[in-house]
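K.L.:
Structure for this input, please:
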Amino acid sequence: MDLLEKNKETMKKFETAINTADAKLIEELVWEKAPFFTPASPEPLYGGKGYLSIVHWMREGFSDVQWKLEEMVADVDKVAVRWTLTATHDGEFLGLAATGTKIKATMMNFYYFNNESKIINDIAADGMIGILRPLGLSK
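P.N.:
Model (predicted):
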């Protein structure tokens, strides 16, 4: 299997890892020094443990959160993924008490890989929030 196919396979396994919070699988897929950024932390988080901390943070506010890999475009060292996130706001999130609101959102991420097909970086697209936040229309 060539690197391109390995990276695509990594993303399929990654979907399982984040939806199950499987620490062993995420450690297998994510380079230990890979930086990840999130609104939950002003500093980057690193490696599989850092990535899982993002998953756990999301689950504090949305216990049933799930990510579905809808579409993937791959190159030798990177993969673009369109995700659909579904969840119920049943816990506090960014200071907002649970509302019971069911949400469905589209996310776009670019994942970068090393020669072992481990994720070494994840860049999320801001989308509309990148316009609303600076205007003070969103947190």
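
K.L.:
When you work out contacts or count neighbours from here on, use the C-alpha atoms and nothing else.
P.N.:
Will do.

K.L.:
ok, which stretches of this structure are helices?
P.N.:
Along the chain, the stretches classed as helices by DSSP state H are 3-20, 23-29, 47-61, 129-132.

K.L.:
end-to-end on stretch 89-98?
P.N.:
Stretch 89-98 has its terminal residues 5 Å apart, counting by C-alpha to C-alpha, to the nearest Å.

K.L.:
residues making contact with it?
P.N.:
By C-alpha atoms under 8 Å, 6 or more residues apart in numbering, the residues outside stretch 89-98 that reach it are 58, 60-63, 99-103.

K.L.:
Can you point out the buried residues in that stretch?
P.N.:
89-91, 93 (16 or more other C-alpha atoms under 10 Å).

K.L.:
State the pLDDT value of residue 126.
P.N.:
pLDDT for residue 126: 68.

K.L.:
For burial, what's the neighbour tally of residue 111?
P.N.:
20 (other C-alpha atoms under 10 Å).

K.L.:
quick one: contacts for the closest residue in space to it that isn't next to it in sequence?
P.N.:
Sequence neighbours aside, residue 122 is the residue nearest to residue 111 in space, at 4.5 Å (criterion: C-alpha to C-alpha, 6 or more residues apart in numbering). Residue 122 makes contact with 35-36, 109-112, according to C-alpha under 8 Å, 6+ apart.

K.L.:
gap between residue 122 and residue 87?
P.N.:
Residue 122 is 22 Å from residue 87, where distance means C-alpha to C-alpha.

K.L.:
Residue 109 now?
P.N.:
Applying C-alpha to C-alpha, the value for residue 109 to residue 87 is 18 Å.

K.L.:
coming back round to it: just the ones of the contacts of stretch 89-98 in strands?
P.N.:
Among those, the ones falling in strands (DSSP state E) are 102-103.

K.L.:
Make TSV out of the contacts of stretch 89-98 and add neighbour count.
P.N.:
Formatted as TSV, these follow (neighbours: other C-alpha atoms under 10 Å):
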residue	neighbour count
58	21
60	16
61	22
62	24
63	15
99	13
100	12
101	11
102	12
103	12
